[in-house]
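*Asks:* My questions are about this predicted structure, shown below with the sequence.
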Amino acid sequence: RRNFRLEVRTSMIVLGRMRPTGLLWPLLSLVVVVVHGHGVAEEPTPFEMMASSVEAMSPVELQSCAKWLDGRSARLPWLSKATCPVADDKELVRGKRVEFVNASYAHVPKDAVEMCRVIQGLFDEGLLVEKRGILADVGAAFAGETVVGHLLGFGVTAFEVRPDEVDRINAVVGHLRDVRVVNAACTDTQGKTVTLYKAEDSSSLEPTAVATPKELQKATREKVKQIDVPAVTLDSFFDDDDKAATSSTKTTTTRQHGTRKVAFIKIDAQGHEYNILKGALHIILRDKPALYFEYAPYLLDADTAPRVICLIKHLPNYHCSSSLGHMIFCFHNERRRKGTSENLRGAASSGRPWRFGLLGGGGGHHHSPPLQ
């Protein structure tokens, strides 16, 4: 904008020296403004440049990212030793049995246990130590990861796009402090509505993701095939949190979540992971959270599926590995301090009501004090 004003001012001086008369002056001025205004565009942000470079890649370049991931997906020794301290605990939340959305789960769901194990391993290695950080659970169906995140000491923001599933999740976690459930679709556009293609728990913003044989069976059982849903980006959502937390009208929720770093992002969005991470690049580069997301190329066009891996490859100092075959976890490769997992696991074994203080740097059975 500064360049635009300068060029217009300079052009006005030139026109002034020409001393046009009559109607010629305003007409020439208008031409100058239009010409200069068209030529000066807002500079793209680093995040836009990063995404644009990925989207401009050829299929061969995209496939090279998939090969890059294959070369870095060897099991990490410290991960193989990590265990989830809440995996077999029936009294999950303050002495009360948690009934997950899927009634067949008598214990913590398998996917949530694996996420827990990854978090424990990162903590053991001193790679994840944010005190009382935020866990963003994107695609929170069944509530497993949301509950585990709460037990591990995170403030959890769970995003779920299906309204009926949101009601069931709230029935599971609605009484938990420092947990909130947001009915919205995380993507790379903010403030619009997007189309959700319904296929029960395989519903997706990607039409190709509900057309595979397994997902198509679920889609045929849906009476309403697609609905419009509100869209948010993680960048805008948590930026609004920060603003609300410093305003005079802040609520209890924004006091708990605003201004806190996002420590962990879990995404299970049936092929839409690239768009979600693209809409989270600001907080990723700012907070350096660990990332845990589904990578299922069969849900997408084979040529573009590796875009999500290429995007991660562009992130400075991030290391990635695979988990459970279909999940990828990435972490900022900066050792912050050595963890104290032995003490923390001890907190999980006494059988008393507890809130596992993993990210607080120490264990113990306690009810969380109000955040200041």
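*Replies:* Structure received.

*Asks:* Which pLDDT does the model give the nearest residue to Ala158 once chain neighbours are set aside?
*Replies:* In space, and not counting its chain neighbours, Ala158 is closest to Ala140: 3.7 Å by CB to CB, 6 or more residues apart in numbering. Quick note: C-beta positions are derived from backbone N, CA and C, even for glycine. Looking at Ala140, its pLDDT reads 94.

*Asks:* so Ala140 makes contact with Ile169?
*Replies:* Yes - proximity of Ala140 to Ile169 meets the contact threshold set by CB atoms under 8 Å, at 5.8 Å.

*Asks:* Between these two, which contacts overlap?
*Replies:* Here Ala140 and Ile169 share the contacting residues 146, 158, 160, 181, scored by CB atoms under 8 Å, 6 or more residues apart in numbering.

*Asks:* Correct me if wrong, but Ile265 is in a strand.
*Replies:* Yes - assessed by DSSP: H, G, I helix; E, B strand; the rest coil, Ile265 belongs to a strand.

*Asks:* roughly how far apart are the residue lying closest to it once chain neighbours are set aside and Ala184?
*Replies:* Excluding the flanking residues, the one nearest Ile265 by CB to CB, 6+ apart is Ala136, at 4.7 Å. As defined by CB to CB, to the nearest Å, Ala136 lies at a distance of 12 Å from Ala184.

*Asks:* In terms of neighbours, single out the busier of the two.
*Replies:* Ala136 (28 against 16; other CB atoms under 10 Å).

*Asks:* so that one is in which element?
*Replies:* strand 134-138 (DSSP states H and E).

*Asks:* same question, Val172
*Replies:* helix 163-173.

*Asks:* Only the buried residues of that helix, if you could.
*Replies:* Across helix 163-173, burial judged by 16 or more other CB atoms under 10 Å covers 165-166, 168-170, 172-173.

*Asks:* Nearest residue to Lys198 in space, ignoring adjacent ones along the chain?
*Replies:* Excluding the flanking residues, the one nearest Lys198 by CB to CB, 6+ apart is Glu222, at 4.3 Å.

*Asks:* in the strand holding Ala136, what counts as buried?
*Replies:* Buried residues in strand 134-138, counted by 16+ other CB under 10 Å: 134-138.

*Asks:* Check stretch 209-222 too.
*Replies:* Of all the residues in stretch 209-222, those buried under the rule 16+ other CB under 10 Å are 209-210, 212, 215, 219.

*Asks:* In a markdown table: the residues you listed, plus secondary structure, distance to Gln270 and pLDDT.
*Replies:* Below are the buried residues of stretch 209-222 laid out as a markdown table (DSSP: H, G, I helix; E, B strand; the rest coil; distance: CB to CB, whole Å; pLDDT from 0 to 100):
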| residue | secondary structure | distance to Gln270 | pLDDT |
| --- | --- | --- | --- |
| Ala209 | helix | 5 | 93 |
| Val210 | helix | 8 | 93 |
| Thr212 | coil | 10 | 90 |
| Glu215 | helix | 8 | 91 |
| Ala219 | helix | 11 | 94 |
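
*Asks:* just to revisit the earlier point, the residue nearest to Lys198: what secondary structure?
*Replies:* Of the three states, Glu222 takes coil under three-state DSSP.

*Asks:* For Lys110, see how far away it is.
*Replies:* With CB to CB as the criterion, Glu222 and Lys110 are 25 Å apart.

*Asks:* before we move on, what about Phe237?
*Replies:* Distance, Phe237 to Lys110, by CB to CB: 28 Å.

*Asks:* what about the strands in the stretch 101-250 of the chain?
*Replies:* Counting by DSSP state E, counting those that start in this stretch, the stretch 101-250 of the chain has strands at residues 134-138, 155-160, 179-183, 185-186, 193-197, 226-232.

*Asks:* Among these, which comes closest to Phe329?
*Replies:* Comparison of the strands of the stretch 101-250 of the chain against Phe329 by CB to CB identifies strand 134-138 as nearest, at 13.2 Å.

*Asks:* and the nearest residue to Gly121 once chain neighbours are set aside, how many residues sit next to it?
*Replies:* If the residues on either side of it in the chain are set aside, Gly121 comes closest to Ala82, at 3.4 Å by CB to CB, 6+ apart. A count of neighbours around Ala82, defined by other CB under 10 Å, yields 19.

*Asks:* so Ala82 makes contact with Leu127?
*Replies:* No - look at Ala82 against Leu127 with CB under 8 Å: they stay out of range, at 11.5 Å.

*Asks:* Please report the number of neighbouring residues for Ile312.
*Replies:* Neighbours around Ile312, by other CB under 10 Å: 24.

*Asks:* Which secondary structure state does it sit in?
*Replies:* Assigned state for Ile312: helix (three-state reduction, three-state DSSP).

*Asks:* Excluding residues flanking it in the chain, which one is nearest it?
*Replies:* Cys330 (5.5 Å).

*Asks:* same thing with Ser323?
*Replies:* Of all residues not flanking Ser323 in the chain, Phe329 sits nearest, at 5.3 Å (CB to CB, 6+ apart).

*Asks:* ok but that neighbour is inside a strand, no?
*Replies:* Yes - secondary structure assignment places Phe329 in a strand (three-state DSSP).

*Asks:* For it, give me its contacts.
*Replies:* 118, 290-293, 320-323.

*Asks:* So which of those are in helices?
*Replies:* Mapping those onto helices (DSSP state H) picks out Val118.

*Asks:* Check the contacts of Phe329 and tell me the two furthest apart.
*Replies:* Ala290 and Ser322 (14.4 Å).
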